[in-house]
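>>> Can you look at this prediction? I've put the sequence above it.
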Amino acid sequence: AQSVTQLGSHVSVSEGALVLLRCNYSSSVPPYLFWYVQYPNQGLQLLLKYTSAATLVKGINGFEAEFKKSETSFHLTKPSAHMSDAAEYFCAVSEGFQKLVFGTGTRLLVSP
Amino acid sequence: DVKVTQSSRYLVKRTGEKVFLECVQDMDHENMFWYRQDPGLGLRLIYFSYDVKMKEKGDIPEGYSVSREKKERFSLILESASTNQTSMYLCASLVPRGENQPQHFGDGTRLSIL
């Protein structure tokens, strides 16, 4: 079975600082990986998804993620945090019937 | 844009009640999913459906059932609500064309069982 590990339940950054949210996956086959964001009192919104076409994936709102097979990682980054980025972020891997297995989430806190 | 609509944002019910959570999508998606979200646990799959009248158990189906009589509607049923079913419930859908199609989520129903 697939699994996803997100290190750090909370990450705090200052506005303008680099954002790095970590995700490691366990998969016996080439994985289909996703990052979702959840703003307060809302559902999940797709940030980006990994396709085998490129290891560096660009998403919405300036986020990107790099797939590293050797490290089984798919970390999410943004060069400069904005107050509006404060939210909870979920990494997920797809398995049969396109079900998603989610990590436990990382809450990003952005201070002025 | 895909629209996944959950009938209630907040719901309060009593222990032992039969509870229905409704989800409707407007994009003719084949696959639909119900998750529950709890702090520190992320999202866990309860049930999913890949066609009308078809259903499959997810990781935590105990105490729940589902119904899919029409393609656009997927209902989650708590047969006899218990306090440990207090949670946020999220519905999602997707069209399974290609291997990595994203799921589209509703805004969630925050259910409290008293």
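Nice, thanks for sending it over. Everything numeric here is computed off the predicted structure, so don't read it as measured data.

>>> Now do the phi/psi pair for the residue positioned nearest the centre of chain B.
Note on chain B: the residue nearest the mean C-alpha position is B:W34, at 2.7 Å, using C-alpha atoms, centre = their mean. When read as degrees, to the nearest 10, the backbone of B:W34 gives phi -120, psi 130.

>>> correct me, but it touches B:R44?
No - with contact taken as C-beta atoms under 8 Å, B:W34 and B:R44 are classed as non-touching, separated by 10.0 Å. Placement of C-beta: from N, CA and C, glycine included.

>>> Quick check: neighbours shared by the two?
Counting by C-beta atoms under 8 Å, 6 or more residues apart in numbering or on different chains, the contacts common to B:W34 and B:R44 are B:G58.

>>> got a list of what the residue nearest to the centre of chain B touches?
When the contact criterion is C-beta under 8 Å, 6+ apart, the partners of B:W34 are B:21, B:23, B:45-48, B:58, B:64, B:66, B:74, B:76, B:89-91.

>>> Name the spans of chain B whose pLDDT lies under the cut-off.
Applying pLDDT under 70 to chain B picks out residues B:98-99.

>>> Next up, the contacts around A:V93.
A:2-4, A:25, A:27, A:31-34, A:100-101.

>>> Who does the residue lying closest to A:A86 once chain neighbours are set aside form a beta bridge with?
Spatial nearest neighbour of A:A86, chain neighbours left out: A:V110 (4.7 Å); criterion: C-beta to C-beta, 6 or more residues apart in numbering or on different chains. With DSSP bridges applied, A:V110 shows beta-bridge pairing to A:V13.

>>> Could you tell me how many residues sit around A:V110?
For A:V110, the neighbour count with other C-beta atoms under 10 Å in any protein chain shown is 19.

>>> I'd like to know which of the contacts of B:W34 are buried.
By neighbour count, with 16 or more other C-beta atoms under 10 Å in any protein chain shown, the contacts of B:W34 hold B:21, B:23, B:45-48, B:58, B:64, B:66, B:74, B:76, B:89-91 as buried.

>>> Around chain A, pick out the residues from chain B.
Selection of chain B residues close to chain A by C-beta under 8 Å from any C-beta of the partner chain yields B:4, B:9, B:31, B:33, B:35, B:40-45, B:48, B:50, B:56, B:58, B:90, B:92, B:94, B:96, B:99-108.

>>> All good on my end, thank you.
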